[in-house]
Every structure is written in C-alpha cells, then in structure tokens.
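Colleague: No sequence on hand, only this structure:
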C-alpha cells in the first residue's frame, strides 16, 4: 500500500479546497460566536462568485412544545458590526 499523498489532490496538506460558483448556507446565527464566524469564513473562501446566507427568524425545537425565539434581527446585525 502506497502512503504517498498526491500534491495535486484537494485533500493534500496545504492545498486549497475545491471552489464553487455559488455557496449557500443558513441558520439563525443567534448570538454570533466563533463557530458561526468560522462557518461563514470557510463558505466565503470556497465561493468563487456568490455566497448566499439565509438567516431564519424563528426555529422550532425537536419537541414541538418548545419554540426558541432568537434575538431580533436588528440586534444580531448590530452585534455583528461591533465584532462580537
């Protein structure tokens, strides 16, 4: 078995990932945290032309009795601009 890695392979260490013309993702992005920022940064890195980000206003929990209401959109946008 040959363990040598092809340097042109997308999975080779230090190589750039494959890119796509359009990348789309979505979520509430409530309480924007480091994980969200990594997700958005990686999506922007692999998008050649367009990045579409859907932001939901309400999300239902697995238990239909529970509903989580994220912070209002203007608050999420304001905290993002402050870099929080």
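Modeller: It's in. Keep in mind that this is a model prediction, so the values were computed, not measured.
Colleague: what's in contact with the lengthiest helix in the chain?
Modeller: Longest helix in the chain by number of residues, with DSSP state H as the criterion: helix 34-46. Here helix 34-46 makes contact (Cβ atoms under 8 Å, 6 or more residues apart in numbering) with 17-20, 23, 25, 27, 29, 51, 53. All C-beta spots, glycine's among them, are computed from the backbone N, C-alpha and C.
Colleague: lowest average confidence, helix or strand, in the protein?
Modeller: strand 59-60 (a mean of 56; mean pLDDT, DSSP states H and E).
Colleague: Can you pull the poorly scored residue ranges out of this structure?
Modeller: By pLDDT under 70, the weakly predicted segments of the chain are 1-12, 58-70, 73-74, 76-84.
Colleague: which residues in it form helices?
Modeller: Applying DSSP H to the chain gives helices spanning 34-46, 73-81.
Colleague: and the two most separated of the contacts of helix 34-46?
Modeller: The most widely separated members of the contacts of helix 34-46, counting by Cβ to Cβ, are 18 and 29 (25.0 Å).
Colleague: Out of the contacts of helix 34-46, list just those in strands.
Modeller: 20, 23, 25, 27, 51, 53 (DSSP state E).
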